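Chemist: fold the following and give me the result.
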Amino acid sequence: MSVPIPDVSQEQIERPLEKRPTIHPLWLRFTHWLNALAVVVMVGSGWQIYNASPLFGFRFPSEITLGGWLAGGLDWHFAAMWVLVINGLIYLFFNGVSGRLWRKFLPLSFRGVFNDAKAAFQGRLSHADLGRYNFVQKAAYLLVVVDLMVLVLSGLVLWKSVQFPLLTALLGGYDSARYVHFFSMLIVLGFIFIHVLMVLLVPRSLWAMIRGR
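Modeler: Now for the predicted structure:
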């Protein structure tokens, strides 16, 4: 069973903002927003690249792509890629050295995810404590971190398949890597959709990610 999250006390609610405890440190907020920007640029430019050689029988509308044409899309995509990789390494480094990775995301269990998902669908999952992640949040954040790694690795195959022969072989070849890259992108979009939906349901979580408190 998941552990119920205690309600916020009236004293905590009335406490001035500058005296409230920090939920999200500065490095986390910085990497979060920079990562969000990089992902948006990569998705938009990736759709432009996709349109040059579609995998399926559709193309993305030009109004939601970035780059204007194939070369422009590639320029934006590679620029955002470096931001995503460097920013991601900084995020993982600070999560590791601060111990936040283990405190926030572990332990994780299938039963805990199932129980919290069930409670969420029944409207019984509390969001009183913004500094504590439930099992569904833990699983979602870890999933998107792994998925972003897969996106980068499959992107390397699409960019330099000859220079990364082992990685190309592990992904089943160049053509297979294109599908891995595409479906990994869909997972990111699914995460973003649910993430934004949760922010709309709990608006103060957005303020916490801006101010840290």
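Chemist: against residue 135, how distant is the residue positioned nearest the centre of the chain?
Modeler: Nearest to the geometric centre of the chain sits residue 144, at 4.8 Å (C-alpha atoms, centre = their mean). Between residue 144 and residue 135 the computed distance is 15 Å (C-beta to C-beta, to the nearest Å). Every residue, glycine included, has its C-beta placed from N, CA and C.
Chemist: repeat for residue 109
Modeler: With C-beta to C-beta as the criterion, residue 109 and residue 135 are 7 Å apart.
Chemist: the two: which is more packed in?
Modeler: residue 135 (22 against 13; other C-beta atoms under 10 Å).
Chemist: can you tell me which residues contact that one?
Modeler: By C-beta atoms under 8 Å, 6 or more residues apart in numbering, the contact list for residue 135 reads 2, 108-109, 112-113, 115-117.
Chemist: could these be laid out in CSV, adding secondary structure and distance to residue 98?
Modeler: As requested, these are arranged in CSV below (DSSP: H, G, I helix; E, B strand; the rest coil; distance: C-beta to C-beta, whole Å):
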residue, secondary structure, distance to residue 98
2, coil, 25
108, coil, 19
109, coil, 24
112, helix, 23
113, helix, 25
115, helix, 28
116, helix, 25
117, helix, 28
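Chemist: need the worst-confidence member of those.
Modeler: In terms of pLDDT, residue 2 ranks lowest among the contacts of residue 135, with 38.
Chemist: can you list contacts of stretch 190-199?
Modeler: Contacts for stretch 190-199 (C-beta under 8 Å, 6+ apart): 39, 140, 143-144, 147, 205-206.
Chemist: which one of those residues is nearest residue 64?
Modeler: Nearest to residue 64 among the contacts of stretch 190-199: residue 39, at 14.4 Å, using C-beta to C-beta.
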